[in-house]
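Engineer: Give me the fold of what follows.
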Amino acid sequence: MTSSSPPAPASQHAPQPLRPLRRLTARGRDEAHRVASPLELFFDLCFVVAIAQAGVELVHTVAAGHAGEGVLNYAMQFFAIWWAWMNFTWFSSAYDNDDVLYRVVTLVQIAGVLVLAAGISQAFTDHDYLVVWLGYVIMRLAMAAQWLRAARWARGAERTMALRYAGGVLLCLVGWLGLVVLPAPARPWVFLVMAIAEMSVPLYAEKGYTTSWHPHHIAERYGLFTIIVLGETISAATVAVKSAVAEHDALSELLPIAAGGLLIVFSAWWIYFVVPIHGYLRSSRESFLWGYGHYLIFASAASIGAGIEVAVEEAVGKAHISTTAASAAVTVPTALYLLTVWALHSRHFKVGLAQQLVLPVTALLVLCCTFLGGWAVPAAGVVSALAVATGTTLTARTAGRERPAEATAAAS
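Structural biologist: Numbers count the residues shown, from 1 in each chain. Okay, here's the model as predicted:
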């Protein structure tokens, strides 16, 4: 997944007998009918636990008036979750042979995710990253084992690439130990350095050979994870509203927040899936920026749910922050989501200035909603829904103008 070298040929992955153990060789980039496997869906589902734990801690920290500390800790935890997910996703797109050993190693990675999730609370409250690091070690050792297995059956530049991946993963594990042994003031810098090092591994590993990831499969996997993140957002917001109603009987204050949050999530889903992104993912240069940029898309989408919980807690008097700060917990991640989806995802399919401006202008208007007091969240929801309606109308008008022109050209 880098900006250099041609993709692996599609003919590398020949059909293999369905034996318990099979050769782990590259699949074809042009393979027909490539879809997510049940194991991949299960893998994604298990990440919900870790995302939910990070979201809960973010809510508690922001509601207590420590937004800066909460966002920093959340960014660090979410990076570990996202990076482990992304590494497996691109590897499986290129090398998934679905034999017994592949399944077992993937299940070990899932176990690592659950260990990491168990340590998120300690990392937030006590800055103790030992359990998080242990979970990450389990996940990344399993990933290194997959790359070593791929190297066993590869030759030449492909084998070098696989060994570089395995070596890079293992070296980075040692670097992440700094979060455990170094004093707290140094840990944000350790995170920054190691995040850059982790993201540099694919650049180095694929200098001479590019993995044969499948564009349609990658687009589907990212789309499915987006659905899972948005689903977690709805779940968290629903639980928050339910608890607040049960404890404070404040249904009239909470209904506008619930309605606005629902409109935001529905609009977020619509905006992401309105474009066929797999048609854009044709080169490694494009996929590199698109794949890495989804850190902001996923993190902001998950943060919307946390923000709605904060807004609910503020409405019933449980949060120690102002109404404006609670509103910003919803509007800021919503605006970030809109901008990053436009920059990485939607703008490649927009025709004309009007279509290109819809999402950036919507993001600006959502930020302005922050200062509307108790009506900030419902107003942001209405603005998001209007953006969907406007984009749909502009697209329909463009298509309506193109059809007569195409008919005239065909007649000529």
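Engineer: From now on I want contacts and neighbour counts done on CA atoms only, so please keep to that.
Structural biologist: Noted.
Engineer: Give the burial count for the nearest residue to Tyr204 once chain neighbours are set aside, as a bare number.
Structural biologist: Distances taken as Cα to Cα, 6 or more residues apart in numbering put Arg164 closest to Tyr204, at 7.5 Å, once the chain neighbours are dropped. Using other Cα atoms under 10 Å, Arg164 has 21 neighbouring residues.
Engineer: Pass me the low-pLDDT residue ranges in the stretch 201-350 of the chain, would you?
Structural biologist: For the stretch 201-350 of the chain, the stretches with pLDDT under 70 are 247-248, 250, 278-280, 283-285.
Engineer: can you pull out the helices in it?
Structural biologist: Here the stretch 201-350 of the chain has its helices, by DSSP state H, counting those that start in this stretch, at 215-248, 251-273, 284-315, 323-341.
Engineer: Now these in a markdown table, please, with extra columns for mean neighbour count and distance to Phe191.
Structural biologist: Formatted as a markdown table, the helices of the stretch 201-350 of the chain follow (neighbours: other Cα atoms under 10 Å; distance: least, Cα to Cα, whole Å):
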| stretch | mean neighbour count | distance to Phe191 |
| --- | --- | --- |
| helix 215-248 | 19 | 23 |
| helix 251-273 | 20 | 29 |
| helix 284-315 | 24 | 15 |
| helix 323-341 | 25 | 22 |
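Engineer: Go through the ones you listed and name the closest to Leu173.
Structural biologist: helix 284-315 (19.6 Å; Cα to Cα).
Engineer: okay, the angle between that closest one and helix 323-341?
Structural biologist: 160 degrees (axes from the mean of the first three to the mean of the last three Cα atoms, to 10 degrees).
Engineer: now helix 284-315 against helix 251-273, angle please.
Structural biologist: 180 degrees.
Engineer: helices or strands up against helix 284-315?
Structural biologist: Packing contacts for helix 284-315, counted by 3 or more Cα pairs under 8 Å, 6 or more residues apart in numbering; DSSP states H and E, involve helix 38-63, helix 67-95, helix 215-248, helix 251-273, helix 323-341.
Engineer: closest one to His60 among the helices of the stretch 201-350 of the chain?
Structural biologist: Across the helices of the stretch 201-350 of the chain, closest to His60 is helix 284-315 (Cα to Cα), at 8.1 Å.
Engineer: How far does the closest one sit from its chain's centre?
Structural biologist: Relative to the mean C-alpha coordinate of its chain, helix 284-315 is positioned 7 Å out (Cα atoms, centre = their mean, to the nearest Å).
Engineer: And stretch 319-334, by the same measure?
Structural biologist: Distance, stretch centre to chain centre, for stretch 319-334: 22 Å (Cα atoms, centre = their mean).
Engineer: Over to stretch 85-94?
Structural biologist: On the basis of Cα atoms, centre = their mean, stretch 85-94 sits 13 Å off its chain's mean C-alpha point.
Engineer: List the buried residues of it.
Structural biologist: 85-86, 88-94 (16 or more other Cα atoms under 10 Å).
Engineer: Check the residues you listed against Ser243 and report the nearest one.
Structural biologist: Trp85 (31.3 Å).
Engineer: quick revisit: with distance to Arg159 added, can I get the helices and strands packed on helix 284-315 in a markdown table?
Structural biologist: Listed next are the helices and strands packed on helix 284-315 as a markdown table, based on distance: least, Cα to Cα, whole Å:
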| stretch | distance to Arg159 |
| --- | --- |
| helix 38-63 | 25 |
| helix 67-95 | 13 |
| helix 215-248 | 22 |
| helix 251-273 | 36 |
| helix 323-341 | 35 |
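Engineer: Ala195 - nearest residue in space that isn't next to it in sequence?
Structural biologist: Phe79 (7.9 Å).
Engineer: center of the protein - which residue?
Structural biologist: Phe298 (3.2 Å; Cα atoms, centre = their mean).
Engineer: was I right about that residue contacting Thr226?
Structural biologist: Yes - between Phe298 and Thr226 there is a contact under Cα atoms under 8 Å: 6.5 Å.
Engineer: do you know how far Leu58 is from Tyr136?
Structural biologist: Per Cα to Cα, to the nearest Å, Leu58 is found 20 Å from Tyr136.
Engineer: Among these two, which residue is more densely surrounded?
Structural biologist: More neighbours surround Leu58 than the other of Leu58 and Tyr136, with 28 against 25 (other Cα under 10 Å).
Engineer: tell me, how many neighbours does the closest residue to that one other than its chain neighbours end up with?
Structural biologist: Nearest residue to Leu58, sequence neighbours excluded (Cα to Cα, 6+ apart): Gly70, at 5.4 Å. Number of residues near Gly70 (other Cα under 10 Å) recorded here: 23.
Engineer: For Gly70, give its distance to His33.
Structural biologist: From Gly70 to His33 the distance is 43 Å (Cα to Cα).
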